[in-house]
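Colleague: Structural data only, the sequence is not supplied:
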């Protein structure tokens, strides 16, 4: 029986689990948003919160070395301490959010987005109007013949 045993094993041995979390944490720091399964997101969240808390201490070499245990890439450590950490200086914890996406198509695993709370989608990805790919393709096809007709007729008369 697993009385008072915290943490999920996720079907992996401890070294594999740690490597998984390190890779996901690196992706989270690099992209500020990852899509993974819900149990993995729930296990990664406390690790990410701890590392971001280290990133808030910008003048500490010790904090950089502790963060480097999880992020073995110097560029990611630099990004954590120069971009991500200073954004959360005034926030007392709760730097990440988990958004449930629903079941994965292949195996039905519950998917989730793990992202920083101040994450904003950039330009073309910001179409949160519910427009699907098929709808946008249909719109492009409708616009394409109209644009071709306008070009074929030549310059507009004055």
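Modeller: Good, I have the coordinates. A quick note: this is a predicted structure, and the numbers were derived from the prediction, not measured.

Colleague: drop to CA atoms for contacts and neighbour counts, all remaining ones
Modeller: OK.

Colleague: what pairs with the residue nearest the centre of the chain across the strands?
Modeller: For the chain, the residue nearest the mean C-alpha position is residue 33 (0.9 Å; C-alpha atoms, centre = their mean). With DSSP bridges as the criterion, residue 33 is bridged to residue 115.

Colleague: and it, what does it touch?
Modeller: Neighbouring residues of residue 33 by C-alpha atoms under 8 Å, 6 or more residues apart in numbering: 27, 113, 114, 115, 116, 119.

Colleague: how near is it to residue 65?
Modeller: For residue 33, the distance to residue 65 equals 24 Å [C-alpha to C-alpha, to the nearest Å].

Colleague: got it, and residue 91?
Modeller: Residue 91 is 23 Å from residue 65, where distance means C-alpha to C-alpha.

Colleague: now residue 100
Modeller: Applying C-alpha to C-alpha, the value for residue 100 to residue 65 is 33 Å.

Colleague: Quick one: neighbours of residue 103, just the number.
Modeller: By other C-alpha atoms under 10 Å, 14 other residues sit near residue 103.

Colleague: How about the contacts made by the residue lying closest to it once chain neighbours are set aside?
Modeller: Take residue 103 and drop its neighbours on the chain: the residue closest to it by C-alpha to C-alpha, 6 or more residues apart in numbering is residue 110, 4.3 Å away. Contacts for residue 110 (C-alpha under 8 Å, 6+ apart) come out as 37, 38, 100, 101, 102, 103, 104.

Colleague: CSV for these, including distance to residue 52?
Modeller: As requested, these are exported to CSV (distance: C-alpha to C-alpha, whole Å):
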residue, distance to residue 52
37, 21
38, 21
100, 22
101, 24
102, 27
103, 29
104, 29
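
Colleague: Okay, now the unreliable bits of the chain?
Modeller: By pLDDT under 70, the weakly predicted segments of the chain are 123-158.

Colleague: What are the boundaries of the helices in the protein?
Modeller: Counting by DSSP state H, the segments of the chain that form helices are 14-31, 38-56, 61-70, 74-79, 85-87, 133-152.

Colleague: Specify the angle between the first one and helix 61-70 in degrees.
Modeller: By that I understand helix 14-31. 120 degrees (axes from the mean of the first three to the mean of the last three C-alpha atoms, to 10 degrees).

Colleague: on contacts alone, who are the packing partners of helix 14-31?
Modeller: In terms of contacts (3 or more C-alpha pairs under 8 Å, 6 or more residues apart in numbering; DSSP states H and E), helix 14-31 is packed against strand 33-37, helix 38-56, helix 74-79.
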